[in-house]
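[1] Got a predicted structure plus its sequence, pasted below:
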Amino acid sequence: MDFDLSETQQLFRDTTLRFCGPGDTAARHAARRQPGGFDRARWQELAGLGLIGLAAGEGDGGLGGSLGDCATVAQALGEGLAAEPWLECGFIPARLLASRAAAADVIAGSTLATLAFAEPGRRFRTDPALETAGGKLSGAKTFVPCGGAADLFLVTARHEGRSAVFAVPRDAAGLTVQGYPVADGSHAAQLVLDGVAHGEPLAADLDAVIDEARIVAAAELVGLARRLLADTLEYVKTREQFGQPIGRFQVIQHRLVDAYARVEAAQSALYRALLRLGAPPAAVKGFIADAAQWVGQQAVQLHGGMGMTDELAIGHGLKRIVLLGKLFGDAAGGIAAYGREAA
Amino acid sequence: MDFDLSETQQLFRDTTLRFCGPGDTAARHAARRQPGGFDRARWQELAGLGLIGLAAGEGDGGLGGSLGDCATVAQALGEGLAAEPWLECGFIPARLLASRAAAADVIAGSTLATLAFAEPGRRFRTDPALETAGGKLSGAKTFVPCGGAADLFLVTARHEGRSAVFAVPRDAAGLTVQGYPVADGSHAAQLVLDGVAHGEPLAADLDAVIDEARIVAAAELVGLARRLLADTLEYVKTREQFGQPIGRFQVIQHRLVDAYARVEAAQSALYRALLRLGAPPAAVKGFIADAAQWVGQQAVQLHGGMGMTDELAIGHGLKRIVLLGKLFGDAAGGIAAYGREAA
Amino acid sequence: MDLDFTPDELAFQAEVRTFLAERLSPRLREAAANTPSVFVEPDITREWQAELHAKGWLATLWPREFGGPGWTPVQKYLFEKECADAGAPALPVQGLKLVGPVICKFGTPEQQARFLPRILSGEDYWCQGYSEPGAGSDLASLACRAERRGDKYVINGTKIWTTHAHHANWIFALVRTDASARKQDGISFLLIPMDQPGITVSAIVSIANDHELNQTFFDNAETGVENLIGAEGQGWTIAKYLLENERGGSCAAPSLLAELGRIERAARDVPADHGGMMRDDPHFAQRLAQLRLEAEAFEITELRILADLAKGRPAGPQTSLIKLVGANLRQAVDTLAIDLYGYEAMQLPTARPLYGNAAPEPIGSRSAQLALPRWLNDRAWTIFGGSDEVQKTIIAKQVLGL
Amino acid sequence: MDLDFTPDELAFQAEVRTFLAERLSPRLREAAANTPSVFVEPDITREWQAELHAKGWLATLWPREFGGPGWTPVQKYLFEKECADAGAPALPVQGLKLVGPVICKFGTPEQQARFLPRILSGEDYWCQGYSEPGAGSDLASLACRAERRGDKYVINGTKIWTTHAHHANWIFALVRTDASARKQDGISFLLIPMDQPGITVSAIVSIANDHELNQTFFDNAETGVENLIGAEGQGWTIAKYLLENERGGSCAAPSLLAELGRIERAARDVPADHGGMMRDDPHFAQRLAQLRLEAEAFEITELRILADLAKGRPAGPQTSLIKLVGANLRQAVDTLAIDLYGYEAMQLPTARPLYGNAAPEPIGSRSAQLALPRWLNDRAWTIFGGSDEVQKTIIAKQVLGL
């Protein structure tokens, strides 16, 4: 029995945290002002560190990292308050594009790919209603992560009676992309597909990749919660009101103990999910998202007015938490589904 | 606009609190040791003060009190931590026995009557499955409040396609009564009816009386919560640990503010229910029961080990809260039903 | 116990309704509904303020002699409730509800004549200078100082969370005039013109991308000695009056109930994952019912205080709870909204305003577009005007006697 | 990261399972399952203790030289888990887990030879004298005093919450031997025989009608000076060791998960109000799933500590959380049970025990009959052994550095 990081994992963790740096909000604001709200230079740097390749198979030129390896990176990105959509445009495309030529460009960071799965009026459903017809795709996708900047869309569709994924370049004929800013400052997109030609579907199992993505999202959430707790602990030790650091007030101490308890429970739930024991990924992600959001709200509250400003990293963390909490289904839905399962 | 008690209500409140006395647990233990866990002498005293008559119509020799009058008495009984089942054996029979001769004996306290409504395997449903057949009643009832001591059972049954209530004396042929102790120390009963002859059904509207009973139960719950909060405030001001009264610790102060907030919200919800505005009685009772149970749990917690003992009144209050919380349906069910209603 | 209003009160209510139906324009309603921040922009409030001023209904908290309508507590409540139900924009509180009553109470006749009419007309737009970076919940430790030099005060220091300072031409501020006095004692209440070189306003953008707040810097800023309210060192007394005056006769529940109604209606059209609409999702419905119960109870709590006020009693200990309960309830309602709209609630537009022709097109509905910015901005409710933690300590000591 | 056990560990687990299948009698299982109080009655535990003693598996926390099995942390965990899964009765902790390890660590060879074998054999049954009416969470303020007279200590004062004092023939107590010393310094750890005229045990009945607790009065009670553990004034150090020794290697999650499983299965047969069974009630199912997630996470937290211990590291800061989280989770599980059984959960029998031929007939099922007494008794989990409030302050200071 062992919960320690392997040496390789420790290396990836250190690399990731070094990449993140101290969580500079000015740099984040600068990135968000670029076209599509996305910083290509930073992304290439991240790719250059092998962090996208980690999620890809060795046959595709990747490192064939385990889910645990990927969760280690995701948690570190959370702790580092990274602005980069590593989950959305790194991990997921690397998994889906297995044994496709495009995988190499994704791993290299030169192609920004993303999964177009959500559809208007279908809430959190991951089974597409959009159907292929005669080699063409027609319909709409919404909330495409980082779709404002993406080069390649991995579009889910019902094909020959099953869920399938097709790679569609941004400049494909018949494709209209409308970007819009979302919670974490990135630009999602609405897609309208009007007879877009598609090739062969990708080989990967969509549902399996989404379940993996939920676990990786949960790992980033754990990292975010840890970071916001750590920042808040630091803040209450130095911020003075009524003649003493506010961390000396008993209610603040006990609140932070509750936050600590929830972070540790979230960490344990993540470990359990990585071992594939117990609750399904959607429920675990929901449990962890609830914990992270509560911790994030306390972080804002205990930072007072400062927590409400765009200047501190706290708010960025909370907004990323909210977004990850909804990605591939929210907590209520995930936990309800687990409730319907037999024990 | 006026939320003050009327002069008459103030009088009934004072009378009730005087009747309750200081909440003597020794007296309560003595009562519980009597046959059926019930103190007839105290009950007659309560009747002699006109408190049962308050709930009965003037035509039956009662005082024709409004629901608000009855709620005032119920809240005072809660505040006084009374052991008497005024709701179950006073209010409900007085309402149901309208224009029956038996009403006079109930008002006088000489007949202890109770509603036999719950049925095995029917959870909180108030529509009876037990059906009349050829002038006879056959079937089972459970959780009959104070059935261990009651003289007269008001048995619900399906009769000519509708819910009806029949008065059945304890010594009726074919009736078996098995008493058992329940949460608040009173003895409920299981009834087995094996061809018990019934007369004409009572005239009162069962559902309307149950809705009224829910509001009266909510009033007693508000009183109980107020009492437990008051006792706890008193306790934390005197109990010293770590060199000061524990009420000086900030977490205990804030916890008690939360309790105060919930008690005030419960009081307001009760007023609203009495004005018949907004949520249905089952939902309001649920909302108030949740508040009262939370306050009761805090009262036990902040009393420490003492709160866990049968010696203090705290535990009695909590147990009565738990029982009233389930009577005629629990909080989850009441609030869910309101959730299904349109706004 | 009853909730009945007198015939006169009902007639008044009808008059308010008629007025609102006639004078509250669709543009104002739209702006009020589609403002995700705590305060509404001045171009909107000025328009609505002019309507109310013309009717004599503007300064509801002022004595009649200074332009107040002379209403009873019940009339004030009914007016607030009808405005909330009709979706009228919130008025700028700093002039009308904060400094106005203070000038009525503590100002000299000259100050009253000079400032009060310009608040009513909208000519002056006020902001508040209370908090400082080192003095948030703990106002007594404030450091911004004003030094008397001849017929002027010279102000140096900084104020933070100065809402709409970028729109204001006057600020009322708590400043330290005597550094040697005990913490609360050396503080004075000073009115300072904003339009001068010694004042710099620096924007603070919220996590929702809204610009309401600022930090205001005073670098040898000046104001005439005639702009001191009360005496030097009386600032703490005046600040407490201002706070108490703000309380009582609150009317937050109607807008919360109205918002829950809107969420409920919207939920009828949001498809759920397992068939049917979100309105029928058991978990959503349970949360909705729970919040309705809380808001319904909260409304009665507000009315209980009103009934006390109407009988001439002090508002009583319940008032302290209003801020606390209302703030948390508002945040819970906001959370229900973001949970309802699913992915559509994740949009977070950077452009402002979200009404009028230049507003960005929403993904899904405008309500979905507003949900997240509102949720984010409303985190401030449990922080400003005395955080939850400060409120609870006040209630514990003053109400529960702990 | 893995949860894999070594082949040796798996073989050990299989051995434990076999032993439990063979030696844990139906009577013991029934008694353990149907005990609503925190502790199991001595007639039951003696029987089970004898089985374990014969096998050499009784004193899992003791060094091998005193009769411990010499297990690794993983073996201890596996043993606890298998016992929980099999529904074995909890052993009396006072002798085996509290005073036993203290005597092993601080006792003289004479004390060890005299007391340890009699704990193992069950000849001695111990209770603990820590709290006093005026010293609950704040043990340092205890007042019960022991005065040395010749070769005896004479004890006067009182101890409260003395679990099973009415069954015990020995009590270990913290007593004040030096009234002039600083609060913690004058305290000693003393063993006192119960069977003497100077000791009176007064029952404290719980709100669930169970008699586990007592108040114990000392009126010139005596014990030989050879029954002092360690030196005079060393009581506080020993008490802290006892507490720390109790911690770590905890195994509460398996029994919580097992209980959730039982509740889930029971819910399949409880009719809901709107058709179907309670298992399918969305609100019930949501609460069940939430608690399962919490208990599943809690189990991993326990295993994380175990993994640290197995690597020879100190158990780390997580241990402090175990008591806090476990206690609250247990109460939440109990609440789910009383909410499941509806009216049947309202029965509260006064007779004890609830197993064997003399047990009162339940209304509905035995599980329903147990639900409320268990819920009531388990309120104590957040109070005893350091209340939630005390635990949180410890964690804030020792783990979070506040």
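    Looks like it arrived, so ask away.
[2] Going by C-alpha atoms from here, please, whenever you check contacts or count neighbours.
    Noted.
[3] Which stretches in the stretch 201-343 of chain A count as strands?
    A:240-241, A:244-245 (DSSP state E, counting those that start in this stretch).
[4] Tell me which residue in chain C sits closest to chain D.
    C:Pro282 (6.4 Å; Cα to the nearest Cα).
[5] Could you count how many residues lie near that residue?
    C:Pro282: 19 surrounding residues under other Cα atoms under 10 Å in any protein chain shown.
[6] quick revisit: C:Ile44 is nearest to which of the strands of the stretch 201-343 of chain A?
    strand A:240-241 (37.1 Å; Cα to Cα).
[7] How about that closest one and chain D, touching?
    No - Strand A:240-241 lies apart from chain D when judged by Cα under 8 Å from any Cα of the partner chain; the minimum separation is 13.2 Å.
[8] Can you tell me which residues in chain A are near chain C?
    Chain A has residues A:121-125, A:143, A:180-183, A:185, A:240-242, A:251, A:297, A:300-301, A:304-305, A:308-311, A:315-316, A:323, A:326-327, A:330, A:332 near chain C, with proximity defined as Cα under 8 Å from any Cα.
[9] Return the subset of those residues lying in helices.
    Under the assignment DSSP state H, those contribute A:251, A:297, A:300-301, A:315-316, A:323, A:326, A:332 to helices.
[10] residue contacts, the spatially closest residue to A:Gln293 that is not a sequence neighbour?
    Among residues not flanking A:Gln293 along the chain, A:Ile321 sits closest, at 6.2 Å (Cα to Cα, 6 or more residues apart in numbering or on different chains). Contacts for A:Ile321 (Cα atoms under 8 Å, 6 or more residues apart in numbering or on different chains) come out as A:221, A:224, A:289, A:292-293, A:296.
[11] before we move on, back to that, tell me which residues touch the residue of chain C closest to chain D, please.
    By Cα under 8 Å, 6+ apart, C:Pro282 lies in contact with B:336, B:339, D:282-283.
[12] okay, it: pLDDT?
    We have a pLDDT of 95 for C:Pro282.
[13] And it, its phi and psi?
    Backbone torsions of C:Pro282, given as degrees, to the nearest 10, read phi -60, psi -40.
[14] and stretch A:238-251 with chain B, contact?
    Yes - counting by Cα under 8 Å from any Cα, chain B is contacted by stretch A:238-251 at A:249-251.
[15] buried sites along that stretch?
    Neighbour-count burial for stretch A:238-251, with 16 or more other Cα atoms under 10 Å in any protein chain shown as criterion, is recorded at A:240-241, A:246-247, A:249-251.
[16] roughly how far apart are the nearest residue to A:Ala283 once chain neighbours are set aside and chain B?
    Excluding the flanking residues, the one nearest A:Ala283 by Cα to Cα, 6+ apart is A:Gly334, at 4.2 Å. From A:Gly334 across to chain B, the span is 20 Å (Cα to the nearest Cα, to the nearest Å).
[17] how about the residue nearest to A:Glu79 when sequence neighbours are not counted, what does it touch?
    Once flanking residues are discounted, A:Glu79 sits nearest to A:Gly223: 4.3 Å by Cα to Cα, 6+ apart. Applying Cα under 8 Å, 6+ apart, we find A:Gly223 in contact with A:74-80.
[18] could you redo the last one with a cut-off of 7 Å?
    A:75-76, A:78-79 (Cα atoms under 7 Å, 6 or more residues apart in numbering or on different chains).
[19] From chain D, how far out is it?
    Per Cα to the nearest Cα, A:Gly223 is found 16 Å from chain D.
[20] follow-up on the earlier one: can you tell me which of the contacts of C:Pro282 comes closest to chain A?
    Using Cα to the nearest Cα, D:Pro282 comes nearest to chain A of the contacts of C:Pro282, at 7.5 Å.
[21] What pLDDT does the model give the closest residue to A:Asp4 other than its chain neighbours?
    Sequence neighbours aside, D:Met1 is the residue nearest to A:Asp4 in space, at 6.0 Å (criterion: Cα to Cα, 6+ apart). If you check D:Met1, the pLDDT there is 71.
[22] wait, D:Met1 sits on A:Asp2?
    Yes - assessed by Cα atoms under 7 Å, D:Met1 is found in contact with A:Asp2 at 5.1 Å.
[23] Have a look at the two and say which one is more surrounded.
    Higher neighbour count among D:Met1 and A:Asp2: A:Asp2, with 17 against 14, using other Cα under 10 Å.
[24] On the pLDDT front, check residue 27 for me.
    All of this is about chain A. At A:Ala27, the pLDDT value in this model is 78.
[25] wait, chain C
    According to the model, C:Arg27 scores 96 on pLDDT.
[26] and it, what helix or strand is that in?
    For C:Arg27, the host element (DSSP states H and E) is helix C:26-33.
[27] Just the CA trace of that helix, in PDB.
    Provided in PDB are the C-alpha atoms of helix C:26-33 (Å, rounded to 0.1, in the frame of the first residue of the first chain):
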ATOM      1  CA  PRO C  26     -39.300  49.700 -20.100                       C
ATOM      2  CA  ARG C  27     -35.700  51.000 -20.500                       C
ATOM      3  CA  LEU C  28     -35.400  51.400 -16.700                       C
ATOM      4  CA  ARG C  29     -36.900  48.000 -16.000                       C
ATOM      5  CA  GLU C  30     -34.600  46.400 -18.500                       C
ATOM      6  CA  ALA C  31     -31.500  48.100 -17.100                       C
ATOM      7  CA  ALA C  32     -32.500  47.100 -13.500                       C
ATOM      8  CA  ALA C  33     -33.100  43.500 -14.500                       C
END
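[28] what sits up against it?
    For helix C:26-33, using Cα under 7 Å, 6+ apart, the contacting residues are C:40, C:44, C:87-89, C:355.
[29] so which of the residues you listed is the most crowded?
    Most neighbours among the contacts of helix C:26-33, by other Cα under 10 Å: C:Pro89, with 24 neighbours.
[30] Can you tell me how far that residue is from chain A?
    C:Pro89 sits 23 Å away from chain A, taking Cα to the nearest Cα as the criterion.
[31] wait, is that residue part of a strand?
    No - looking at C:Pro89 with DSSP: H, G, I helix; E, B strand; the rest coil, it is coil, so not inside a strand.
[32] Give me the neighbour count for the nearest residue to C:Ala179 once chain neighbours are set aside.
    Leaving aside its sequence neighbours, C:Ala179 sits nearest to C:Gly186 (Cα to Cα, 6+ apart; 6.2 Å). Using other Cα under 10 Å, C:Gly186 is surrounded by 20 other residues.
[33] coming back round to it: any idea how far the residue nearest to A:Gln293 lies from chain B?
    Between A:Ile321 and chain B the distance is 28 Å, computed by Cα to the nearest Cα.
[34] Likewise for C:Lys240?
    From C:Lys240 to chain B the distance is 22 Å (Cα to the nearest Cα).
[35] so where does that residue fall, helix or strand?
    Assigned by DSSP H and E, C:Lys240 falls in helix C:235-246.
[36] Could you check that helix and say which residues are buried?
    Buried-residue list, helix C:235-246, by 16+ other Cα under 10 Å: C:235-236, C:238-239, C:241-242.
[37] same check, this time on stretch A:173-185
    Of all the residues in stretch A:173-185, those buried under the rule 16+ other Cα under 10 Å are A:175-177, A:179-185.
[38] Then stretch C:369-385?
    Buried residues in stretch C:369-385, counted by 16+ other Cα under 10 Å: C:369-384.
[39] And stretch C:109-120, by the same measure?
    C:111-112, C:115-116, C:119-120.
[40] which outside residues touch that stretch?
    For stretch C:109-120, the surrounding residues in contact (Cα under 7 Å, 6+ apart) are C:53, C:95-96, C:100, C:103-104, C:124-125.
[41] How about stretch A:91-99?
    With Cα under 7 Å, 6+ apart, stretch A:91-99 has contacts from A:52, A:55-57, A:59-60, A:103, A:106, A:113-114, A:202, A:204, A:209, A:213.
[42] Just the buried subset of those residues, please.
    Taking 16+ other Cα under 10 Å as the criterion, what is buried in the contacts of stretch A:91-99 is A:52, A:55-57, A:60, A:103, A:106, A:113-114, A:202, A:209, A:213.
[43] No further questions, thank you.
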